[in-house]
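Peer 1: everything below, folded, please.
(one chain, ligands or ions: 1)
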Amino acid sequence: MPFDQPPAPAAAVAPATPPRDTALVIDGATVIDVESGNRLTGARVVIRQRRIVDVGPAARVAMPTDALRIDGRGGFLIPGLWDMHVHSAYAGLGNLLLPLYIANGVTGVREMFGQLFAMKAYRAQIDTGALIGPRIVGSGHILDGPKPIWPGSVTARTPEQGMRAVDSLKAAGADFIKVYSVLPPDVYRAIATRAKAVGIPFAGHIPGGVNAMEASALGQHSAEHLTGIPLSCSRDEVAIRRMRDSVKADTDYPAAQALGRALGSRVIDTFDAEKCAAIYREFVANRTWQVPTMTVNYSISHLDQMTATDPRLAYIPKFLVQGWDPKTDFRLKALTPADWENSRKTWALNQRILREMVQAGVPILAGTDVLNPFCMPGFSLHDELRYLVEAGMTPLQALQAATVNPARFLAATDSLGTIARGKVADLVLLDADPLVEIGNTTKIRAVIAGGRAYDRTRLDAILAEAKARNAGN
Ligand SMILES: [Zn+2]
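Peer 2: Modelled structure (predicted):
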């Protein structure tokens with residue numbers, strides 16, 4: 001992971017960033033310990049060279065003489081938020097999308113499929129201050145079967161090709177391998193073995209042909225969208241898998257879609273809570289992180305009813321919003337009203353599964369699926385936190401899913417995830433207490449990203465610029 005390196009050498013400094021050797025101090029805020037839920041009132045946080053160098057009661061922590069001071073009084077300081085499932089690293093989109101994360105307190109993202117070269121370029125530009133944006137980890141590409149769902153996928157037909165793809169993606173700089181839906185099961189198993197052998201995590205969709213329990217046992221690091229869990233929890237799993245086999249649904253997306261529609265609500269109606277509980281226990285035992293992405297699960301299952309009235313859409317490029325239409329989305333355009341009703345049932349089942357996973361202690365990460373319909377960079381992460389609370393998490397647990405859990409997932413707790421000496425200075429100063437009401441994460445007074453400070457005026461300027469650009473075309 002890129003986090004554990006010392007700060008980069010002196011770089012072009014973005015406006016409002018203190019010079020390299022000047023301290024930045026956040027004074028008087030209540031610091032929230034997202035591990036324990038404890039609050040430290042009247043705290044002083046001192047930042048130098050992109051790191052937190054001291055944090056404690058103002059009476060103990062000396063005020064540096066050279067400090068740029070941010071008034072934290074009345075505010076609540078939390079670690080920078082992470083969106084653990086986004087798609088924004090595409091050439092030409094960086095300056096349109098990445099600043100919106102910062103404007104919403106999202107200082108880290110996990111890119112789940114974009115362009116590896118764009119991701120690396122953005123990372124470098126953000127580091128120097130040439131571009132405003134979050135910390136990025138990512139897969140670059142996705143690894144799918146011989147008939148991939150998306151153009152631009154890396155594909156593998158045989159186990160040997162799968163293993164070679166792992167090696168080449170790793171060599172190209174991917175932080176992990178993103179596995180996808182129509183990977184043949186034998187190829188998936190070979191990818192899992194190879195990834196383990198060469199020391200790179202694999203994460204993503206549980207392929208349609210693979211049982212969730214097996215994916216967990218093979219060491220898949222995270223599973224997205226809850227896909228694969230309903231079928232794995234069905235009493236009729238064996239019979240349905242036989243049907244999938246007969247139409248080659250495991251490796252052919254149109255066939256899988258057609259069979260899914262023919263099955264109607266059968267997978268949902270045969271949900272077996274005990275079978276599912278065993279899967280949750282496996283996830284806990286193997287630390288298989290779940291990224292339920294309720295934001296996209298909601299929009300994909302309600303898109304026929306959604307209208308573009310959300311005021312936050314004013315900040316999103318129009319050409320993207322225009323694509324968020326079920327009549328043009330190849331995954332959705334053939335759906336009938338009856339299919340949409342089944343989508344709604346799937347949504348309700350996903351809510352139940354998430355609720356049960358929270359109770360079972362399954363490790364969970366907050367992610368939205370930015371760039372999918374109505375999944376907006378930065379804005380939607382706050383929606384996801386609300387969905388997590390609706391599923392039974394406390395506000396503290398929801399905050400953990402976007403702060404310390406990503407740090408644990410990335411094996412970067414030495415530099416990320418909490419507010420402590422030595423950690424990277426990624427912070428959000430709120431006007432109200434998020435432990436009382438999770439919606440308070442939207443009441444942002446200031447954001448510190450990699451030691452660079454953005455006060456409310458500057459955050460508003462980022463938003464105004466995005467809005468003006470969209471109004472013009
Ligand atoms: Zn995605």
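Peer 1: which residues of the chain lie near the ion?
Peer 2: Contact residues, the chain versus the ion (C-beta under 5 Å from the ion): 112, 369. Heads up, the C-betas are built off the backbone N, CA and C, glycines and all.
Peer 1: give me the domain ranges for the chain.
Peer 2: 2-80+416-471, 84-409 (automatic domain parsing).
Peer 1: want to throw those into JSON lines with mean pLDDT and mean neighbour count?
Peer 2: Output for the domains of the chain, formatted as JSON lines (pLDDT from 0 to 100; neighbours: other C-beta atoms under 10 Å):
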{"stretch": "domain 2-80+416-471", "mean pLDDT": "88", "mean neighbour count": "18"}
{"stretch": "domain 84-409", "mean pLDDT": "96", "mean neighbour count": "20"}
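Peer 1: which residues touch the residue of the stretch 1-150 of the chain found nearest the ion?
Peer 2: Relative to the ion, the nearest point of the stretch 1-150 of the chain is residue 112 (4.6 Å; C-beta to the ion). For residue 112, the contacting residues are 85-87, 138-139, 142, 178, 204, 224, 369, by C-beta atoms under 8 Å, 6 or more residues apart in numbering.
Peer 1: swap the cut-off to 10 Å and go again
Peer 2: 84-89, 138-140, 142, 176, 178, 180, 203-205, 222, 224, 291, 293, 367, 369-371 (C-beta atoms under 10 Å, 6 or more residues apart in numbering).
Peer 1: ok, residue 82 next?
Peer 2: Counting by C-beta under 10 Å, 6+ apart, residue 82 makes contact with 101, 106-110, 134-135, 137, 365-367, 381, 401-407, 409-410, 416-417, 426.
Peer 1: I figured residue 87 was touching residue 113, is that so?
Peer 2: Yes: the pair residue 87 / residue 113 is scored as a contact, 5.7 Å apart, by C-beta atoms under 10 Å.
Peer 1: common neighbours of those two, please.
Peer 2: With C-beta under 10 Å, 6+ apart, residue 87 and residue 113 have common neighbours 138, 371.
Peer 1: now residue 95. Nearest residue, chain neighbours left out?
Peer 2: residue 131 (6.4 Å; C-beta to C-beta, 6 or more residues apart in numbering).
Peer 1: the one you found: what secondary structure?
Peer 2: Classification of residue 131 by DSSP: H, G, I helix; E, B strand; the rest coil places it in coil.
Peer 1: ramachandran angles for it?
Peer 2: phi -140, psi 140 (degrees, to the nearest 10).
Peer 1: is it true that it touches residue 123?
Peer 2: Yes: applying C-beta under 10 Å, one finds residue 131 in contact with residue 123, separated by 9.4 Å.
Peer 1: name the helix or strand for residue 295, please.
Peer 2: Residue 295 is located in helix 294-302, with elements delineated by DSSP states H and E.
Peer 1: with just CA atoms, put that helix into CSV.
Peer 2: Presented in CSV, the C-alpha positions along helix 294-302 are these (Å, rounded to 0.1, in the frame of the first residue of the first chain):
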residue,chain,number,x,y,z
MET,A,294,-26.9,-0.1,-0.7
THR,A,295,-26.8,3.2,-2.6
VAL,A,296,-26.5,1.5,-6.0
ASN,A,297,-28.7,-1.5,-4.9
TYR,A,298,-31.4,1.0,-4.2
SER,A,299,-31.1,3.0,-7.4
ILE,A,300,-30.8,-0.1,-9.6
SER,A,301,-33.9,-1.6,-8.1
HIS,A,302,-35.9,1.7,-8.2
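Peer 1: chain center to that helix: distance?
Peer 2: Averaging C-alpha positions (C-alpha atoms, centre = their mean, to the nearest Å) puts helix 294-302 15 Å from its chain's average.
Peer 1: what helices and strands are in contact with that helix?
Peer 2: Counting contacts by 3 or more C-beta pairs under 10 Å, 6 or more residues apart in numbering; DSSP states H and E, helix 294-302 packs against strand 81-86, helix 337-360, helix 379-390.
Peer 1: rerun at 6 Å
Peer 2: With contacts taken as 3 or more C-beta pairs under 6 Å, 6 or more residues apart in numbering; DSSP states H and E, helix 294-302 sits against helix 337-360, helix 379-390.
Peer 1: that one vs strand 81-86, what angle?
Peer 2: 40 degrees (axes from the mean of the first three to the mean of the last three C-alpha atoms, to 10 degrees).
Peer 1: next secondary structure element downstream of helix 294-302?
Peer 2: Following helix 294-302 in sequence, per DSSP H and E, is helix 318-322.
Peer 1: can you dump the C-alpha coordinates of that following helix into CSV?
Peer 2: Output of helix 318-322 as CSV, limited to C-alpha atoms (Å, rounded to 0.1, in the frame of the first residue of the first chain):
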residue,chain,number,x,y,z
LYS,A,318,-25.0,16.4,-17.3
PHE,A,319,-23.7,13.7,-19.8
LEU,A,320,-23.4,11.3,-16.9
VAL,A,321,-26.8,12.0,-15.4
GLN,A,322,-28.4,11.6,-18.9
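Peer 1: contacts for that helix?
Peer 2: Helix 318-322 has contacts (C-beta atoms under 6 Å, 6 or more residues apart in numbering) with 308, 313, 470.
Peer 1: how close does the first one get to residue 213?
Peer 2: Pointing back at residue 308 there. 40 Å (C-beta to C-beta, to the nearest Å).
Peer 1: and what of the last one?
Peer 2: Counting by C-beta to C-beta, the gap from residue 470 to residue 213 is 45 Å.
Peer 1: and residue 175, by the same measure?
Peer 2: In terms of C-beta to C-beta, residue 175 sits 26 Å off from residue 213.
Peer 1: same question for residue 466.
Peer 2: 44 Å.
Peer 1: same question for residue 176.
Peer 2: 21 Å.
Peer 1: same check, this time on residue 452
Peer 2: Taking C-beta to C-beta as the measure, residue 452 falls 44 Å from residue 213.
Peer 1: do residue 303 as well
Peer 2: 31 Å.
Peer 1: OK, contacts around the residue sitting nearest the centre point of the chain?
Peer 2: For the chain, the residue nearest the mean C-alpha position is residue 84 (1.7 Å; C-alpha atoms, centre = their mean). Residue 84 sits next to 110, 291, 365, 367, 406 when contact means C-beta under 6 Å, 6+ apart.
Peer 1: one more time with 7 Å
Peer 2: 110, 291, 365-367, 406 (C-beta atoms under 7 Å, 6 or more residues apart in numbering).
Peer 1: now the residues you listed as JSON lines including secondary structure?
Peer 2: Shown next, in JSON lines, are those (three-state DSSP):
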{"residue": "110", "secondary structure": "strand"}
{"residue": "291", "secondary structure": "strand"}
{"residue": "365", "secondary structure": "coil"}
{"residue": "366", "secondary structure": "coil"}
{"residue": "367", "secondary structure": "coil"}
{"residue": "406", "secondary structure": "helix"}
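Peer 1: now, which of the residues you listed sits nearest the ion?
Peer 2: residue 367 (8.1 Å).
Peer 1: the helix or strand residue 194 falls within packs against which elements?
Peer 2: Using DSSP H and E, residue 194 maps to helix 185-198. Using 3 or more C-beta pairs under 7 Å, 6 or more residues apart in numbering; DSSP states H and E, the elements in contact with helix 185-198 are helix 159-172, strand 177-179, strand 202-204.
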